[in-house]
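**Student:** My questions are about this predicted structure, shown below with the sequence.
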Amino acid sequence: MKLNEMLQETTAFIKSKGVGTIDFGMILGSGLGELAEEIEEAIVIPYDKIPFFPTSTVVGHAGQLVYGTLSGKKVLAMQGRFHFYEGHSMQTVTYPVRVMAALGAHSVVVTNACGGVNESFAPGDLMLITDHINFTGQNPLIGPNDEEMGPRFPDMSEAYTKAYREMAKAAATSLDVELKEGVYMGYSGPTYETPAEIRMSRVMGADAVGMSTVPEVIVAAHSGLKVLGISCITNLAAGMQANLNHEEVVETTERVKQTFKSLIKETLSLL
Ligand code: HPA
């Protein structure tokens with residue numbers, strides 16, 4: 001089945017549930033999905049009801065779309081995302097971004113939990129993503145290109161919209177929240193990296209590493225969507241602390257989620 005036919009079926013279903021215009025798509029990462037609970041007049045659609053959506057399997061991900069108003073903006077939020085390491089194709093991982101674009105969103109807010117590589121970062125820091133390094137060995141745009149969806153060779157020079165980064169910094173200042181900035185390097189996972197890989201990542205220019213975000217932002221760029229990316233540094237990357245585990249990731253997001261939510265809401269109100 002062709003992508004645009006699938007999108008027609010998916011968007012028709014989502015609209016039939018009462019979803020109207022959308023300004024911002026939002027992808028809420030591990031432990032950060034609670035923000036969707038603040039969406040007003042919410043319409044909730046579980047992924048397993050949506051045509052061509054797989055079901056999300058990761059702990060800490062609810063697996064539903066939430067539509068409504070947040071900070072005065074019409075948003076469609078994903079509470080939980082699809083990861084390449086779950087065995088989904090890159091096309092499946094990024095399908096929701098296609099859906100957001102097809103529903104008329106002009107922008108996406110992408111969030112994640114990730115490991116800090118920059119030695120000045122600490123667990124609990126929030127990081128504005130300035131750019132990324134695609135280290136997954138994959139690209140969701142591999143294959144025939146549909147010119148109606150976007151260009152064959154998308155420009156990634158400003159994948160993370162500069163004006164949005166300025167707004168996020170202004171929001172952080174007004175809330176008195178410290179906001180780090182840096183480059184996110186996307187691995188496939190599901191293993192955490194080795195200490196040697198983290199040393200390599202640092203030399204290559206990464207400030208943080210994680211297992212998501214990069215595919216979605218590539219498809220956002222292809223679709224002409226503006227992007228705001230915010231990471232929660234949940235731990236220091238391999239070799240920089242004793243060991244890594246998913247519990248710590250969840251604990252840290254739990255600890256900083258109030259600040260995270262305030263920052264996103266304040267930024268949205270400025271956008
Ligand atoms: N590496 C990769 N992904 C992650 C990490 C990490 O250290 N922490 C949270 N997600």
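**Tutor:** Yep, it's here.

**Student:** Run through the helices of the stretch 101-250 of the chain in chain order.
**Tutor:** 162-175, 195-204, 214-222, 246-270 (DSSP state H, counting those that start in this stretch).

**Student:** In the sheet, which residues pair with the residue of the stretch 101-250 of the chain found nearest the ligand? Tell me.
**Tutor:** When scored by Cβ to the nearest ligand atom, the stretch 101-250 of the chain has residue 115 as its residue closest to the ligand, at 2.1 Å. For glycine as for every other residue, the C-beta is placed from the backbone atoms N, C-alpha and C. Counting by DSSP bridges, residue 115 is bridged to residue 209, residue 235.

**Student:** for the helix or strand where residue 98 lies, packing partners?
**Tutor:** Element membership for residue 98, per DSSP states H and E: helix 90-102. With contacts taken as 3 or more Cβ pairs under 8 Å, 6 or more residues apart in numbering; DSSP states H and E, helix 90-102 sits against helix 3-16, strand 24-28, helix 214-222.

**Student:** what angle sits between the last one and strand 24-28?
**Tutor:** Going by axes from the mean of the first three to the mean of the last three Cα atoms, to 10 degrees, helix 214-222 is angled at 170 degrees with respect to strand 24-28.

**Student:** of all the residues in this structure, which ones are close to the ligand?
**Tutor:** Counting by Cβ under 6 Å from any ligand atom, the residues of the chain close to the ligand are 113-115, 192-193, 209-211, 234-235, 237, 244, 249.

**Student:** out of those residues, which is most surrounded?
**Tutor:** residue 114 (31 neighbours; other Cβ atoms under 10 Å).

**Student:** Over to stretch 54-70 now: how far is its first residue from its last?
**Tutor:** Terminal residues of stretch 54-70 lie 26 Å apart, using Cα to Cα, to the nearest Å.

**Student:** Can you get me a residue count around residue 15?
**Tutor:** 11.

**Student:** Which residue, neighbours along the chain excluded, lies closest to it?
**Tutor:** In this structure, residue 15 finds its nearest non-sequential neighbour in residue 103, 7.6 Å apart by Cβ to Cβ, 6 or more residues apart in numbering.

**Student:** can you list the helices and strands packed on helix 90-102 in CSV and add mean pLDDT?
**Tutor:** Listed next are these as CSV, based on pLDDT from 0 to 100:
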stretch, mean pLDDT
helix 3-16, 97
strand 24-28, 97
helix 214-222, 98
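
**Student:** on that earlier part again, rebuild the residues of the chain next to the ligand as JSON lines, extending it with distance to residue 98 and pLDDT.
**Tutor:** Formatted as JSON lines, the residues of the chain next to the ligand follow (distance: Cβ to Cβ, whole Å; pLDDT from 0 to 100):
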{"residue": "113", "distance to residue 98": "24", "pLDDT": "95"}
{"residue": "114", "distance to residue 98": "24", "pLDDT": "96"}
{"residue": "115", "distance to residue 98": "28", "pLDDT": "97"}
{"residue": "192", "distance to residue 98": "29", "pLDDT": "96"}
{"residue": "193", "distance to residue 98": "29", "pLDDT": "97"}
{"residue": "209", "distance to residue 98": "26", "pLDDT": "98"}
{"residue": "210", "distance to residue 98": "22", "pLDDT": "98"}
{"residue": "211", "distance to residue 98": "20", "pLDDT": "97"}
{"residue": "234", "distance to residue 98": "28", "pLDDT": "95"}
{"residue": "235", "distance to residue 98": "31", "pLDDT": "95"}
{"residue": "237", "distance to residue 98": "31", "pLDDT": "97"}
{"residue": "244", "distance to residue 98": "32", "pLDDT": "88"}
{"residue": "249", "distance to residue 98": "28", "pLDDT": "86"}
